[in-house]
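**Student:** Need a 3D model of the following:
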Amino acid sequence: MNQIHDSVIMGKNVKVGPFAVIEEDVVLGSDVTVGPHVVIYAGTVIGSGVTIYAGAVLGRWPKPAKTSTVQVDPDLSPLRVGDGSTIGAGAVLYRGSRIGRNVMIGDTATIREKCTVEDEVVIGRGVAVENQVEIGYRTKIQTNAYITAYTVLEDHVFIAPGVTTTNDNFMGRTEERFQYISGPRVKRGARVGGGAVLLPGVVVAEESFIAAGAVVNRDTEPGM
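**Tutor:** All right, here's what the predicted structure looks like:
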């Protein structure tokens, strides 16, 4: 029922559910649980004590649309998932990203390539994390938030449900825009309320608070 390549390395007490596909050179640490219909692409490294729920896809290569401006790096490193992390049902994690220890990734969440997620982060159900995002230690991102490419969320940041981040003031109508594309930076301990929109390149300062539904079009002050 399962398709597990002969080159896969498994630690002790690994459990694999029915109809899972595990490609060549995957490494699974001890006490890993792989749910039914999970696909783990070649080279992915999974730490010990990781739980992967049904239908999750780990380590897939990006394949942009023909009209996309994203260039795929042919040398993307394999996806790495740290010890004790949990990957929700239907979540998709791309090759080239690194997930820390004890990270919780909710059902149907997506993490694109070249992202870094530090230890003890929570990424809620349906969250979309685009490419080249940095997420700091113990940051929490709630249900259905959208984290655009090139965003930086520092340690202990809170992102409420439905928050939207943006990175392109030109919205795709000029080649000049490429030199200005920049996601927001949300600094340590800042909190962003439900449904807020952060415009390209803004800095949300340390321990500042963004009210629900706000549109942030300039940098904030620390602690405000």
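**Student:** CA only for contacts and neighbour counts going forward, please
**Tutor:** Will do.
**Student:** Ramachandran angles for Gln179?
**Tutor:** Note on Gln179: backbone dihedrals following degrees, to the nearest 10 are phi -80, psi -10.
**Student:** tally of neighbours for it?
**Tutor:** For Gln179, the neighbour count with other CA atoms under 10 Å is 7.
**Student:** Check the one 4 residues further on too.
**Tutor:** Gly183 is flanked by 25 other residues according to other CA under 10 Å.
**Student:** go on, Gly193?
**Tutor:** Using other CA under 10 Å, Gly193 has 18 neighbouring residues.
**Student:** cool, and Val27?
**Tutor:** Other residues near Val27 come to 22 when the count uses other CA under 10 Å.
**Student:** So what sits opposite it in the bridge?
**Tutor:** Beta-bridge pairing for Val27 (DSSP bridges): Ile9, Val45.
**Student:** So it versus Gln179, what's the distance?
**Tutor:** Val27 is 39 Å from Gln179, where distance means CA to CA, to the nearest Å.
**Student:** The helix-or-strand element of the chain with minimal mean pLDDT pairs with which strands, parallel or anti?
**Tutor:** Every helix and strand in the chain was compared by mean pLDDT, DSSP states H and E; the lowest is strand 3-4, with a mean of 96. For strand 3-4, the paired strands and their directions (DSSP bridges) read strand 21-22 (parallel).
**Student:** and the partner strand, average pLDDT?
**Tutor:** Strand 21-22 comes out with an average pLDDT of 98.
**Student:** swap in stretch 169-185?
**Tutor:** Stretch 169-185 carries an average pLDDT of 82.
**Student:** Report the buried residues of that stretch.
**Tutor:** For stretch 169-185, the neighbour count (16 or more other CA atoms under 10 Å) marks Ile181, Ser182, Gly183, Pro184, Arg185 as buried.
**Student:** Among those residues, which lie within strands?
**Tutor:** If you go by DSSP state E, the buried residues of stretch 169-185 have Arg185 in strands.
**Student:** Need the buried residues of stretch 169-185 in JSON lines (columns: distance to Tyr94).
**Tutor:** Shown next, in JSON lines, are the buried residues of stretch 169-185 (distance: CA to CA, whole Å):
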{"residue": "Ile181", "distance to Tyr94": "22"}
{"residue": "Ser182", "distance to Tyr94": "21"}
{"residue": "Gly183", "distance to Tyr94": "20"}
{"residue": "Pro184", "distance to Tyr94": "22"}
{"residue": "Arg185", "distance to Tyr94": "22"}
